[in-house]
Every structure is written in structure tokens, then in C-alpha cells.
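> I need the structure of the sequence given here:
(chains A and B)
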Amino acid sequence: MEMDIKAYIETGILEQYALGDISDQERREVECMSKIYPEIKSALEDAELDLEMLAQAGATKAPSDLKADIMAELAKHDQFPVENNAGSVPVNAKAPVVPFKQSSTWPVVWAAAASIAVLLAFWQYIENEDAQAELAEAKEEQSELLANNEYLRGEVEYLTEDVQETFDPSFQKIVLEPTQAKEANGVSLLWQQESGKVKINLASLPELPTDKQYQLWVLKDGVPSDMGVLPKDFQDIYLANSQTNDGDAFAITIEPLGGLESPSLDQLVYLGNV
Amino acid sequence: MAPVEKEILRLFEEGNVKAMDLLYDNYSDALYGVILRMVGSEAIASDVLQDSFVKIWQNSRSYDPSKGRLFTWLVRIVKNKSIDAIRKTGRKEEIQSELKIVHKNDRSDSSDPTLQHDLNTVLSNLDKDQRNLIEHSYILGYSHPEIAEKFDIPLGTVKTRIRNAMKELRSIFGNGH
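Residues are numbered from 1 along each chain as shown, chains lettered A, B, ... in the order given. Have a look, this model is predicted:
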């Protein structure tokens, strides 16, 4: 993914992040960028330290009895449990459940299936030995899914031959295969690498409940990048809002409305190699 | 990360409310200053600080250090609570025009010798335009679009000028980074 880091920093979005003067979508974007690019992480830290410097300069002593009142009030409240994005166990594969921890690391690690040159397993923030044991279990179940996919692949190829050729011939066609629902059709995606344009045929995507939305991702060397959410109630060929000139796979996950900064492991529904 | 931050995070993870004791001792002055400048009244500011601390404690297990500094997270909570309080009393316009509050800074009972520069000293190093922008964004809590509208400047210019002003402050004060 091409990225002008300097230009991104110069937009002032990091200062906005430090101030909290930022939309949720932009916040997720900054956090994602900061994890991938050390220069952005460092510039973000600068912006945050600036905020702290100014706030400390303007520090004012609170009334002296306030601390005791506050501590007494706190004794009546519990911490909320940790929020967990990879919470629910999917139907076919047991995904590792990893809470946010201090040493969360990037990147996501992808396992390749030998028999089909398609990336299948979807791994997220591997932290502790429990997660790794669950990961081993997931691997076994993935190979079951693979066998099913072989069968489906034949059917998908048959179906996509019928797709009308309204596509520009300079687009590469990539079929995103279903990873969970065995009876689902594949999803056709067209990628024009030079311009970075991505077109995707939403006709075969099953409808989702009102609070969920499909989200598209492009993967490069194991790292997923957000390509945006896919519009609901749209049964046609959709031109993605984001572009990418570099990637080795595309994936679709099911996310809450508006999407997330990083993909939900257990909500991977389609995946295709370039 | 400073040792006290590490300790606070460790206590968060343990579920030990002593974390909040440490947090109060190290951050309450800075946070109270932020709140006071936004809400304008000490009575309201005390309530907001208390509500903020409850929210901080309740959400302490959700704070993720890899996403940003602890202080950024604290300030976000504190500012949201302040905005809620302002909305209730309907004082927003009044407060934002009260730049006098920015310049009122009671340092008389601060016993911390390491807090060497008060806000006025820090800001006096900037030229008038830069100072104005910093006051409106970092101090009064105007968003960039709001500043652009108030001063009739393009949004991109607001962002660039604020960024340059911060760079200048950083170079003057070293800031330890």
C-alpha cells in the first residue's frame, strides 16, 4: 500500500487525535497507521506529549477535600470487564479469543493451505500459550474447511463464467471464496492494479441484520488494510471508495455498522488470492 | 512510559483501586485545569472530576497502551464529561468567550516545583495568531472546523498553523522528547 507518511502527518490529524477532536473512523485510522508505521507512532507520541505539556502547564489544584470524596465514591463502583473484539466463537472454526493487552503486536499472521494456493486461516494478535493452543485446534478445523472449499470452487467457477462482461479487460478478476457458509456463492472482485481501483459484485452477498455490515480488506504480506465497508441494500457492482496498488489477497468480514479498524477473526466470510 | 504510568497500568490490570489513588496524585491537577477552563465554575469542575474518575475506573481495563498515551485517554474522558456538563447548564457560548479564564491560573498552592512554566509563560512565546489558535484549540476546546469558521480561515491553514505553533513550543521547551 502506497503511503505518503509525511503528508499524512502534515494533515494535523495526529494533533486532533491527541485532543480528542476526531471522528471514530479517523481515530481507528490513526491507531492503525500508528501500529504499522513507526514514524507515525513517533509523531503521534510527540503530539500527545505536547498536549500533556500544555495541560500540566495549566494545572490547577482541585479543592483539598475532593480526593477523599472521589476515592469513597470509587469504592462503590466496579471495573467493567475487558472489551473483546474477537469474542464470539464462529460456527465452524474455534478462533482464538484475545483481549486487548499491553503488548499487543502487529502483524496478523496468515497460514497458507498447501493444496489450494489460497490463504485461509485468519489469525489475530497472538499473545499467550492458551491462544496458541486454540490456534492449533483452529488449524485442524481449517483443513476440513479446505476440503469443502475444493468442492465449492468448481461450482463457483461455473457460476462466475455467467457473469456479464461489463468489466474493463484491464481489471484482474479475483474470486473471493466463502470461508464459512458452505452453500454460499463466491464473490467476484475486479482489481485494476495500476489505478488501484477495486470493483466488487455485491449481488451474491447474503443480506445482513440491520446492525451489521460487510467490510472489505486488502492483504499484503500478512497485513490487512481497510478498504472500506460495503453498502447495504446494494445488489450491483460497487466501486470501492478506497484504492490499492499493492496486495496479494482480498478478504471480506462481517463487522458492526461502520466497520472496525482491524478485522474480526471469526467474522471472515470471503477470501481470495490475487 | 514513566514508572508511575507503568505502576498505574499494573494496578488497573490487577483490579486494584489503589491505581486511582496514584492517578489522582499525579494527574488530577492537570485534569482539573482542563475541566475548569471548559466549565468555568469550580463547583461544576469538582463534580466533573469526580464523574470522570468514576468513568476512568470503570473503563480502566479497556485502556490499551498501544493505542496512545494514558494522558490522552484521560483527557478524552474528562473533556467528554465537561462537554456533557456544559450542555446541561447551557453555558458553552459564555465559557468560550471567557478567555480571561485561560489567563487565570491559580498556582499559589501548587507544591510541585517541577511545574515550572505556567500557561501564560508557555503561550507568551508564540506570536499573536499562533497563541490565539492554540488557546482556542487546546485550551477552550474548539474543533478545527469551528476555529476555521470563527476566524474565517481555510481549514487546512488552521491545521498547519496549529501544527507549526506546537513545533515551535516544543523546540523552545525541549519537552523531554
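> please count neighbours and contacts with C-alpha atoms only from this point.
Fine.
> mind checking pLDDT for the residue nearest the centre of chain B?
Centroid check for chain B by Cα atoms, centre = their mean gives B:V34 as the closest residue, at 4.2 Å. What the model reports as pLDDT for B:V34 is 90.
> so what's it up against?
A:A55, A:G58, A:A59, B:V75, B:V78, B:K79, B:I139 (Cα atoms under 8 Å, 6 or more residues apart in numbering or on different chains).
> which helix or strand contains the fifth one?
The one in question is B:V78. Assigned by DSSP states H and E, B:V78 belongs to helix B:70-89.
> likewise for the first one?
For A:A55, the enclosing helix or strand under DSSP H and E is helix A:38-57.
> tell me how many other residues crowd A:D233.
By other Cα atoms under 10 Å in any protein chain shown, 11 other residues sit near A:D233.
> oh, that last question was meant for B:K128, not what I typed.
Residues within reach of B:K128, counting by other Cα under 10 Å, total 10.
> also compute the angle for the helix holding A:A55 relative to helix B:70-89, please.
Taking axes from the mean of the first three to the mean of the last three Cα atoms, to 10 degrees, one finds helix A:38-57 and helix B:70-89 inclined to each other by 60 degrees.
> which strands or helices does helix A:38-57 pack on?
Secondary-structure packing of helix A:38-57 (3 or more Cα pairs under 8 Å, 6 or more residues apart in numbering or on different chains; DSSP states H and E): helix A:5-10, helix A:13-19, helix A:24-36, helix B:18-39, helix B:70-89, helix B:119-123.
> hmm, 7 Å instead?
The helices and strands touching helix A:38-57, judged by 3 or more Cα pairs under 7 Å, 6 or more residues apart in numbering or on different chains; DSSP states H and E, are helix A:13-19, helix A:24-36, helix B:18-39.
> flag every buried residue along the longest one.
Looking back up the chat, that one is helix B:18-39. Going by neighbour count (16 or more other Cα atoms under 10 Å in any protein chain shown), the buried part of helix B:18-39 is B:19-24, B:27-39.
> Three-state assignment for A:E177, please.
strand (DSSP: H, G, I helix; E, B strand; the rest coil).
> what residues sit buried inside the helix or strand that contains B:L49?
Using DSSP H and E, B:L49 falls within helix B:42-58. Across helix B:42-58, burial judged by 16+ other Cα under 10 Å covers B:44-58.
> and of those, the nearest to A:D4?
Set against A:D4, the nearest of the buried residues of helix B:42-58 by Cα to Cα is B:I56 (35.7 Å).
> dump the residue contacts of A:N201.
By Cα atoms under 7 Å, 6 or more residues apart in numbering or on different chains, A:N201 lies in contact with A:V187, A:S188, A:L189, A:D236, A:I237, A:Y238.
> find the nearest non-adjacent residue to it, please.
Residue nearest to A:N201 in three dimensions, not counting chain neighbours: A:I237, with 4.2 Å by Cα to Cα, 6 or more residues apart in numbering or on different chains.
> surely that neighbour meets A:S204?
No: counting by Cα atoms under 7 Å, A:I237 stays clear of A:S204, with 10.4 Å between them.
> interface residues of chain A facing chain B?
Applying Cα under 7 Å from any Cα of the partner chain, one finds that chain A approaches chain B through A:11-12, A:18-21, A:31, A:48, A:52, A:54-62, A:70, A:74, A:77-83, A:100-102.
> so how do I select the buried members of these in ChimeraX?
Of those, the buried ones can be selected in ChimeraX as follows, counting by 16+ other Cα under 10 Å:
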select /A:12,18,19,20,21,31,48,52,54,55,56,57,58,59,60,61,62,70,74,79,100,101
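> just to revisit the earlier point, which one of A:I237 and A:S204 has more residues nearby?
The neighbour comparison of A:I237 against A:S204 (other Cα under 10 Å) goes to A:I237, with 16 against 13.
> ok, now how distant is the more buried one from A:L189?
According to Cα to Cα, to the nearest Å, A:I237 stands 9 Å off from A:L189.
> check A:L271 too.
Going from A:L271 to A:L189 by Cα to Cα gives 11 Å.
> what's the answer for A:S225, then?
A:S225 sits at a distance of 16 Å from A:L189 (criterion: Cα to Cα).
> show residues contacting stretch B:73-82.
By Cα under 7 Å, 6+ apart, stretch B:73-82 touches A:G20, B:L31, B:I35, B:M38, B:V39, B:V48, B:S52.
> picking up where we left off before, TSV for the contacts of B:V34, including distance to B:G68?
Shown next, in TSV, are the contacts of B:V34 (distance: Cα to Cα, whole Å):
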residue	distance to B:G68
A:A55	16
A:G58	22
A:A59	21
B:V75	12
B:V78	16
B:K79	16
B:I139	20
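> lowest pLDDT pick from the residues you listed?
Within the set of these, pLDDT is lowest for B:I139 (70).
> list the contacts of the residue lying closest to A:L176 once chain neighbours are set aside.
Spatial nearest neighbour of A:L176, excluding adjacent residues (Cα to Cα, 6+ apart): A:G272 at 4.1 Å. When contacts are counted by Cα under 7 Å, 6+ apart, A:G272 touches A:V118, A:I174, A:V175, A:L176, A:E177, A:A249, A:F250, A:A251.
> now which of these would you call buried?
When the contacts of A:G272 are checked for burial by 16+ other Cα under 10 Å, the buried set is A:V118, A:I174, A:V175, A:L176, A:E177, A:A249, A:F250, A:A251.
> export the residues you listed to a markdown table and tack on pLDDT?
Output for the buried ones among the contacts of A:G272, formatted as a markdown table (pLDDT from 0 to 100):
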| residue | pLDDT |
| --- | --- |
| A:V118 | 35 |
| A:I174 | 90 |
| A:V175 | 90 |
| A:L176 | 92 |
| A:E177 | 90 |
| A:A249 | 94 |
| A:F250 | 95 |
| A:A251 | 94 |
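> wait, which of those residues is closest to chain B?
A:A251 (24.5 Å; Cα to the nearest Cα).
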